[in-house]
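Student: Need a 3D model of the following:
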Amino acid sequence: MQSENWRLAQYAISFGDLHNFWMPAEEYLKLFNAAYLSARLPTEPLDRNNVYLERPSRQFMTWVERLNMLDVIAPWDNKEYPATRAENVKILDEYLTLCEENNIRPIMFLPPQTEVYRKYFNKKLLDEFYYLIGQACKKYPSAIFIDGWKLHGVTDADFYDVWHMNIYGAAKFSTFLNNFIENLERR
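Tutor: So this is what the prediction gives:
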């Protein structure tokens with residue numbers, strides 16, 4: 001997958017490590033040519049008023065993307081990484097402990113997804129996710145979990161591809177989160 005390769009390259013370049021990936025970072029970096037690796041991002045702040053830096057904002061999925069949703073989701077069906085999962089559970093536990101020690105109420109959420117993504121996502125992985133989040137919330141009762149997959153009013157029109165919200169969906173979800181937090185503060 002193109003974006004996955006890019007992400008691995010970013011980790012390898014930034015940290016010199018691919019962490020739990022089967023290939024050593026040095027070997028992975030050999031796959032990229034010198035010109036690619038020597039490319040540097042500017043270190044000065046981005047001038048948000050520069051019209052040449054604007055990217056066109058996609059608002060909705062195309063019909064072709066809608067028809068190909070299952071093909072896009074299929075490679076994610078067998079993404080089981082026990083070592084990474086165990087490490088992430090440990091990190092979450094440490095994070096929630098830190099929040100509790102500092103009287104911080106953590107709010108965790110599963111972002112909304114398209115109907116097709118929800119319908120065809122690996123049920124075993126999803127059940128395990130819900131179980132692990134449920135265990136964390138039992139251990140840390142102040143922690144809150146919001147399941148964006150069960151929010152009413154979010155539709156496929158709120159996405160610009162299979163799993164990324166467009167500006168309308170992001171505004172809708174942000175409004176929901178803001179209202180939720182404001183209601184918490186009133187209690």
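
Student: quick one: low-confidence parts of this protein?
Tutor: 1-67, 76-77, 187 (pLDDT under 70).

Student: Tell me how many other residues crowd residue 69.
Tutor: By other Cβ atoms under 10 Å, 20 other residues sit near residue 69. Quick note: C-beta positions are derived from backbone N, CA and C, even for glycine.

Student: Now for the closest residue to it other than its chain neighbours, how many residues are close by?
Tutor: Leaving aside its sequence neighbours, residue 69 sits nearest to residue 116 (Cβ to Cβ, 6 or more residues apart in numbering; 4.3 Å). Using other Cβ under 10 Å, residue 116 has 17 neighbouring residues.

Student: Who are the contact partners of the residue nearest to residue 99 when sequence neighbours are not counted?
Tutor: Once flanking residues are discounted, residue 99 sits nearest to residue 106: 4.6 Å by Cβ to Cβ, 6+ apart. Shown in contact with residue 106 (Cβ atoms under 8 Å, 6 or more residues apart in numbering): 95, 96, 99, 140, 142, 143, 144.

Student: May I see the buried residues of the host helix or strand of the residue nearest to residue 69?
Tutor: Element membership for residue 116 (DSSP states H and E) is helix 115-120. Using 16 or more other Cβ atoms under 10 Å as the test for burial, helix 115-120 gives 116, 117.

Student: Determine the set of other helices and strands touching it.
Tutor: Applying 3 or more Cβ pairs under 8 Å, 6 or more residues apart in numbering; DSSP states H and E, we find helix 115-120 packed against helix 69-73.

Student: quick one on the thing from earlier: my guess is the residue nearest to residue 69 meets residue 74, correct?
Tutor: No. Using Cβ atoms under 8 Å as the test, residue 116 is too far from residue 74 to be in contact (11.1 Å).
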